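**Student:** Using only what follows, build the 3D model:
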Amino acid sequence: MQLHAMWDEYPALSKDLQEVLQTIEKNIQIRDKHVEQNVKDLIHAGGKLLRPAFALLSAQAGPDFDKDRAVSIAAALEVLHMATLIHDDVVDDSPLRRGIPTIHSKYGRNYAVYTGDYLFCICFKILSAHASSVENIEFNSKNIEKILMGELDQMRTSYKMDVTVREYLTRISGKTAQLFALSCYSGASGSKASRMTVAKCYNIGHYLGMAFQIIDDVLDYTSTDAGLGKPVLNDMKQGIYSLPLIYAMKGHLAEFEPLLSQKLDMTDDASEQVLALISKYNGVEQAFKLANKYTNKALREIKKLPAGAYRDDMYRLTKSILDRDI
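**Tutor:** Take a look at the predicted model:
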């Protein structure tokens, strides 16, 4: 199984991530083999596997590290991520995900929705098998609830031109950062790390997820289809206004309103005008600056973890988040 080239620098972690993918494949059994194959294609379509990677690294922060258990937990969290992606694609009507056709574009919305639901069940099945207490199950459930609330917040604020930075941060905290936080938390708590270490890992995941999503949103305004594997500016046309646009619109809404009001019918010329305005008002630069602040917060927390090779890898991996093409 071919992993993203970034993992060549982490041979031990790369091997564990291969086991994560194998675990996911073993747990996915759908009667419709065409849909099953499409899900497996998504698994191998070049996703970076950052969430399971941080779960695996965080698991080494505790005294009771068990690789098989860590791999299973990491697999469950990647399955959860896949479920949210499939549902996202239905809501956004995206034709591509990671450069391949989405499930709903090939088989229809019903198939996609139920496939996403099925993956949620697989996630719960794996996590429940490794939960050390009812308290852990409750914690996992509450965090998954927060993830879904983030998705609902995104729908609630769609096409809202006066959306605030605070509303945006609340949305991505649930939609993206919560899963990173849950990944780090689950890894550390599964290996019986101290409460303080588990809390630090949770915070690391949160800060990391915030930075990751902001940069991902920046890429929507700076990347091409080939580089990103999904339609550029698709989020904006769907009414999902992210940080570069929100920063640029602040105090200049009158310039954006006639362009954004075109919604799904936005012309290429209007899109270019929006990009020009975002550049004029430094939306990308302001967003990237905030992403950098969150990344630095994560790096400071990582330095406070118990020493070890895992901590060095976590630090290096977190820094690499800012190396994506902006």
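**Student:** what's the weakest-modelled helix or strand in this protein?
**Tutor:** helix 225-228 (a mean of 55; mean pLDDT, DSSP states H and E).
**Student:** Show me the contact partners of the helix or strand just after that helix.
**Tutor:** Sequence-wise, the next helix or strand beyond helix 225-228 is helix 234-237, with elements assigned using DSSP states H and E. Surrounding helix 234-237, the residues in contact under the criterion C-beta atoms under 8 Å, 6 or more residues apart in numbering are 92, 94, 217, 220, 242, 245, 260, 263, 264, 266, 271, 274. Just so you know, the C-beta spots here come from the backbone N, C-alpha and C atoms, and that holds for glycine as well.
**Student:** what do you get for stretch 19-27?
**Tutor:** By C-beta under 8 Å, 6+ apart, stretch 19-27 touches 1, 3, 40, 43-44, 49, 52, 56, 71-72, 74-75, 78-79, 122, 125-126.
**Student:** Check these for burial and list the buried ones.
**Tutor:** A residue is treated as buried here by neighbour count (16 or more other C-beta atoms under 10 Å); on that basis the buried members of the contacts of stretch 19-27 are 3, 43, 49, 52, 56, 71-72, 74-75, 78-79, 122, 126.
**Student:** so residue 88 makes contact with residue 103?
**Tutor:** No. Using C-beta atoms under 8 Å, residue 88 makes no contact with residue 103, being 11.4 Å away.
**Student:** Tell me which of these two has more neighbours.
**Tutor:** When neighbours are counted by other C-beta atoms under 10 Å, residue 103 comes out ahead of the other of residue 88 and residue 103, with 26 against 16.
**Student:** Quick check: the gap between the nearest residue to that one once chain neighbours are set aside and residue 94.
**Tutor:** With sequence-adjacent residues excluded and distances taken as C-beta to C-beta, 6 or more residues apart in numbering, residue 103 is closest to residue 112, at 4.3 Å. Counting by C-beta to C-beta, to the nearest Å, the gap from residue 112 to residue 94 is 11 Å.
**Student:** Quick check: neighbours shared by the two?
**Tutor:** When contacts are counted by C-beta under 8 Å, 6+ apart, residue 112 and residue 94 have residue 102 as shared neighbours.
**Student:** From the opening residue of stretch 98-106 to its closing one, how far?
**Tutor:** The separation between the terminal residues of stretch 98-106, taken as C-alpha to C-alpha, to the nearest Å, is 15 Å.
**Student:** shaky segments in the chain?
**Tutor:** Low-confidence regions of the chain, defined by pLDDT under 70, span residues 1, 131-135, 224-232, 323-326.
**Student:** Spell out the secondary structure type for the most far-flung residue of it relative to its centre.
**Tutor:** In the chain, the residue that sits farthest from the middle, by C-alpha atoms, centre = their mean, is residue 254; the gap is 32.4 Å. Secondary structure for residue 254, judged by DSSP: H, G, I helix; E, B strand; the rest coil, is helix.
**Student:** From residue 161, how far off is it?
**Tutor:** To residue 161, residue 254 is 10 Å away according to C-beta to C-beta.
**Student:** before we move on, what about residue 247?
**Tutor:** As for residue 247, its distance to residue 161 is 13 Å (criterion: C-beta to C-beta).
**Student:** what about these two, which has more around it?
**Tutor:** Just comparing residue 247 and residue 161: by other C-beta under 10 Å the higher neighbour count belongs to residue 247, 21 against 14.
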